[in-house]
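> Provided below for reference: sequence and predicted model.
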Amino acid sequence: MRAIRELEQQIRGWIRRHSYSFFSSLGTLLQHKAGTLMTVTVLAIAILLPLGLYVTLINVDRLDIKQEDWNAVMALVSSNADAQDVQKLVEKTKQRADVDRVTLVSPEQGMAEFSQSSGFGASLETLTQNPLPWVMNVVPAETAKGDPVTLQLRIQSLMASLSEDPLVESVQFDYKWLQRLGRFLELGRAAVVVLTVLFGFAVVVLVANTIRLDVAARAEEIEILALVGASHSFIRQPFLYSGLWYGLMGGVCSLILLWLAQLYMAGPMARLLDAYGQSFGMVSLSNLQVVVLLGASALLGWLGAFTSVQRYLRLLVVGGSLGRR
């Protein structure tokens, strides 16, 4: 029982000590409002840059670019062909060994899609007949497994074969702009990773430098604590919580800046999407992503503070006083 009571006392002491350091470090930061605000603002901007690019990619990725149809060959069927002939052509094409699937778009379906995406629905209703032909989208087999050279040869062979059919007027294979957009998205995701690493390191360095100044200002206090037997963990504790607060406040401020930026860009984004026949509201981070961001920001701040304080504690051990060997 005595051992249990001693353990409980140690736990309560640990909780009281950390609670005091947690809130007192926040109070210390709030006492220096101007300096804290400038530091937090710089941290928020450093966090916002990769965060803003990531959110932008999320919204761009929601565009319906139909990536699964990038390797599809589009065959325009002759306007003289009837529905029965077109179905026979589709079945014959499906039986090819180099074909994965075939999608048929009727003139009515094509007109409905064009009317919806172009915005000329009322004008198109005045047409006496539908000028659009049957369209057959042919996806080559195993496009995901084939290398680019093999895929290109397979597509060229398929296009030549389809062009020889008397029911096919023309064959098109235009996917370059979609591929470029996809590659740009991949480049953007890679840039997010690089910027996250670089600006994460910048956050650590900035917090470390700020805590270094705080430690230098309290050098005599730290030396007295060391002389009366205070442990390194006890000396580090308030500075680590200060770094944590810096990172956490920087993360919160970056979310506010992100919200303001999205509020400003909502109008231009809506007009851009309307020009492409699409409409959806801009999305931001999910609740889980917000928690991860704040946790990562606080961790980076803590890491920067630990790096800075640990260096000064080593100086204290080696030289007996901070900064003086």
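Nice, I can see it.

> Can you list the residue ranges for strands in the stretch 51-200 of the chain?
73-77, 99-105, 135-140, 168-172 (DSSP state E, counting those that start in this stretch).

> May I see those arranged in a markdown table, with distance to Val203, mean neighbour count and mean pLDDT as well?
Where C-beta positions appear, they are placed from N, C-alpha and C, glycine not excepted. Shown next, in a markdown table, are those (distance: least, CB to CB, whole Å; neighbours: other CB atoms under 10 Å; pLDDT from 0 to 100):
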| stretch | distance to Val203 | mean neighbour count | mean pLDDT |
| --- | --- | --- | --- |
| strand 73-77 | 49 | 21 | 80 |
| strand 99-105 | 48 | 16 | 80 |
| strand 135-140 | 46 | 20 | 81 |
| strand 168-172 | 50 | 16 | 82 |
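
> closest one to Glu220 among these?
strand 135-140 (74.9 Å; CB to CB).

> between the closest one and strand 168-172, how many degrees?
For strand 135-140 against strand 168-172, the angle by axes from the mean of the first three to the mean of the last three CA atoms, to 10 degrees is 50 degrees.

> which helices and strands sit right next to strand 135-140?
Strand 135-140 sits against strand 73-77, helix 83-94, strand 99-105, helix 148-163, with contacts defined as 3 or more CB pairs under 8 Å, 6 or more residues apart in numbering; DSSP states H and E.

> Tell me which of these sits most buried.
strand 73-77 (a mean of 21; mean count of other CB atoms under 10 Å).

> circling back: among the strands of the stretch 51-200 of the chain, which is nearest Ala208?
strand 135-140 (54.2 Å).

> so what does the stretch of helix or strand Tyr264 belongs to touch, helix or strand wise?
Taking DSSP states H and E as the definition, Tyr264 sits inside helix 232-275. With contacts defined as 3+ CB pairs under 8 Å, 6+ apart, the packing partners of helix 232-275 are helix 2-31, helix 33-61, helix 176-217, helix 219-227, helix 287-319.
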